[in-house]
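Engineer: Sequence plus predicted model, see below.
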Amino acid sequence: MKSGRKKLTAAEKQARERFVEAVLATAYLYETGCWFSHVVRHKCDGPIDPCHVIDKQGLKIAGRFLEQPEAMVFDPRNGVPGCRYIHSRFDSSMIRVYQGDLPDSIFMFVDQWEDAIGTPGILQEKLDRKCPKGTRP
């Protein structure tokens, strides 16, 4: 049976490898290796994954006219390390992370890539949907 996933191109594979390496290299900054441990109370479980803050699918759509969309999709500034338990919950919006808790790199990512794709507000809108403005109560 075939997987529903499209095979990555060589450029996408290379960009993904750089993303994984760069994001996981920041895991040492957090006691458990999981960035989410300081914003969401949970018991870390599973290996540490590189997590996209703005989801890959949304980035692929937003960057579809870029010459090298994989550069945006796998830009490590849009990533944080997270345990497998919380990664799946974050991706499915079962947990809420507020923008005030996000690393500054996320906002630099949004600013740079919105300029590059020429659609002001599109990435900020995706970020606003995923992570509400403000800080956790």
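Structural biologist: Structure received.
Engineer: Contacts for the helix or strand where L123 lies next, please.
Structural biologist: Here L123, judged by DSSP states H and E, is contained in helix 122-130. Residues from elsewhere that reach helix 122-130, judged by CB atoms under 8 Å, 6 or more residues apart in numbering: 53-55, 58-59, 62, 93, 97, 99, 106, 109-110, 113-114, 117. Every residue, glycine included, has its C-beta placed from N, CA and C.
Engineer: now the residues you listed: which count as buried?
Structural biologist: Among the contacts of helix 122-130, the ones that count as buried by 16 or more other CB atoms under 10 Å are 53-55, 58-59, 62, 97, 99, 106, 109-110, 113-114, 117.
Engineer: can you tell me which of those lies nearest to V73?
Structural biologist: V73 has its nearest neighbour among the buried ones among the contacts of helix 122-130 in L59, at 4.6 Å by CB to CB.
Engineer: by contact count, what packs against the strand or helix carrying the closest one?
Structural biologist: Per DSSP H and E: L59 is located in helix 56-62. Secondary-structure packing of helix 56-62 (3 or more CB pairs under 8 Å, 6 or more residues apart in numbering; DSSP states H and E): helix 69-73, helix 122-130.
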